[in-house]
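*Asks:* Okay, predicted coordinates and the sequence, questions at the end:
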Amino acid sequence: MRIAYLVGEYPAVSHTFILREIAALRARGLEILTCSIRRTGPEHHRGPAERSEAETTFNVLPEAMRPAGMLRAQLQALRDPRRYFGVLRKAWGMRGPGLRAALYQLFYFLEAVVLARHLQDRGVTHLHAHFAQASCTVALLAARLADIPFSFTLHGPADFTDPKTWRLSDKIADARFVACISHYCRSQAMLVSPHEHWSRLHIVHCGVEPDRYLAGPPEGQGMLFVGRLAAAKGVPILIEAMTRIRESCPDAHLTLVGDGPDRARLEAMTRQLGLSDRIRFTGYRSQDEVAEILAGSALFVLPSFAEGVPVVLMEAMAAGRPVVTTRIAGIPELVEDGVSGRIVPPGDVDAFAQAVLDVLTAPDSIPAMGQEGRIKVQAEFDIETEAARLALLFSGAT
């Protein structure tokens, strides 16, 4: 087998779990070629693994925008006009409402033609996509043009916000299999697909390398958040909660690792609340840097409004750190309230602050909670185990 992976942006700092998955599959002897719709910038290449992947990844859009590249791809696809126009009809039939959606669907088809040529030239035998939105549409069409099997990993929550627009049921119907990252995720796929397609939906967790995050016992009252600084992460809840936390825990401080469209606004909010001496913004960091910062923290916090099963929680739990997070989507499948951390209703500042205080003011319980979290990750979210499951799916999809 020669398998190609397609992602909208690869490698990307927010998708290190895909890089880990590919590395684990390669370690099992699978040949994986990587493709990305857009070329990522150097801010995403924080470590040697990311830089290496960036050098070898095929980027669809830059090739599609080259007239010579597009012409060669079109001529190659038109050697089989019946297939070419059949896939074009499929693309048109999957369009969303409105002129804009129709135009985008034609763009996806053109990108698929370019990608299909790349896959055929390299003898790819299977195409796998991550996420179920635009890049997955390109993957479905490219696989049809190249006449190879297609599969994808379903994450959420964005994959579920508008399943009709993204034709999620069509993609499930076309896929040899769908890797769902949680039972909650699988249930949402079941909701939009007929019963006869449910057997294609398999649980394959995103995973981590537990030993990469192995750390000593937690000390102090340092808290850590890692993620994109955007609305879905609920960071204002965390910053506002800090005004309450500092009253009972004068040594409590928070490190925010990540970047995004809300960073300037969140920094301004921090200054307005007089928390500049308690909250530090670091920007993006590499996997190794995140592991180091985790080792120096006592507690991991994630007040998200929308998630799948956050890999950053797995990393924190692998490091033996209790977590405080929200009861949404697949998170309760990872975190057990009162055992490996605390889970509170999303958007509730008081509940979030109190949960943090419950942990920080009972330091004797922190090591035990952290150990329970590490046991959970080792048992159910180890990337080696999940890669083995995925490899079996690939072998059965030929």
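*Replies:* Good, I have the coordinates.
*Asks:* Phi and psi next, for K164.
*Replies:* Backbone torsions of K164, given as degrees, to the nearest 10, read phi -70, psi -40.
*Asks:* Contact partners for it?
*Replies:* Residues near K164 by Cβ atoms under 8 Å, 6 or more residues apart in numbering: G96. Quick note: C-beta positions are derived from backbone N, CA and C, even for glycine.
*Asks:* and what of the one 5 residues further on?
*Replies:* Applying Cβ under 8 Å, 6+ apart, we find S169 in contact with P163, V192, S193, P194, H197.
*Asks:* and which of those is nearest V349?
*Replies:* Ranked by distance to V349 (Cβ to Cβ), these are led by P163 at 31.7 Å.
*Asks:* And the closest one, how close does it get to G330?
*Replies:* Remark: distance between P163 and G330 (Cβ to Cβ, to the nearest Å) = 17 Å.
*Asks:* what's the answer for E315, then?
*Replies:* 16 Å.
*Asks:* G347: which of the contacts of S169 is nearest?
*Replies:* P163 (24.2 Å).
*Asks:* I'd guess that closest one is in a helix, am I close?
*Replies:* No - if the criterion is DSSP: H, G, I helix; E, B strand; the rest coil, then P163 is coil and not within a helix.
*Asks:* Tell me where the chain has strands.
*Replies:* 2-9, 31-38, 58-59, 126-130, 150-154, 178-180, 201-203, 222-226, 253-257, 279-283, 299-302, 323-326, 341-344 (DSSP state E).
*Asks:* Mean pLDDT for these - can I get that in CSV?
*Replies:* What follows is these, written out as CSV (pLDDT from 0 to 100):
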stretch, mean pLDDT
strand 2-9, 97
strand 31-38, 98
strand 58-59, 98
strand 126-130, 98
strand 150-154, 97
strand 178-180, 98
strand 201-203, 97
strand 222-226, 96
strand 253-257, 96
strand 279-283, 96
strand 299-302, 97
strand 323-326, 98
strand 341-344, 97
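*Asks:* how about JSON lines for the ones you listed, with mean neighbour count added?
*Replies:* As requested, these are exported to JSON lines (neighbours: other Cβ atoms under 10 Å):
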{"stretch": "strand 2-9", "mean neighbour count": "22"}
{"stretch": "strand 31-38", "mean neighbour count": "19"}
{"stretch": "strand 58-59", "mean neighbour count": "18"}
{"stretch": "strand 126-130", "mean neighbour count": "25"}
{"stretch": "strand 150-154", "mean neighbour count": "25"}
{"stretch": "strand 178-180", "mean neighbour count": "25"}
{"stretch": "strand 201-203", "mean neighbour count": "17"}
{"stretch": "strand 222-226", "mean neighbour count": "24"}
{"stretch": "strand 253-257", "mean neighbour count": "22"}
{"stretch": "strand 279-283", "mean neighbour count": "16"}
{"stretch": "strand 299-302", "mean neighbour count": "26"}
{"stretch": "strand 323-326", "mean neighbour count": "27"}
{"stretch": "strand 341-344", "mean neighbour count": "24"}
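*Asks:* any weak-confidence spans in the stretch 251-398 of the chain?
*Replies:* Along the stretch 251-398 of the chain, segments meeting pLDDT under 70 span 398.
*Asks:* Which stretches in it count as helices?
*Replies:* Per DSSP state H, counting those that start in this stretch, the stretch 251-398 of the chain carries helices over the ranges 263-272, 287-295, 311-318, 349-360, 366-380, 383-396.
*Asks:* How many neighbouring residues does the closest residue to Q120 other than its chain neighbours have?
*Replies:* Spatial nearest neighbour of Q120, excluding adjacent residues (Cβ to Cβ, 6 or more residues apart in numbering): A146 at 5.3 Å. Using other Cβ atoms under 10 Å, A146 has 25 other residues around it.
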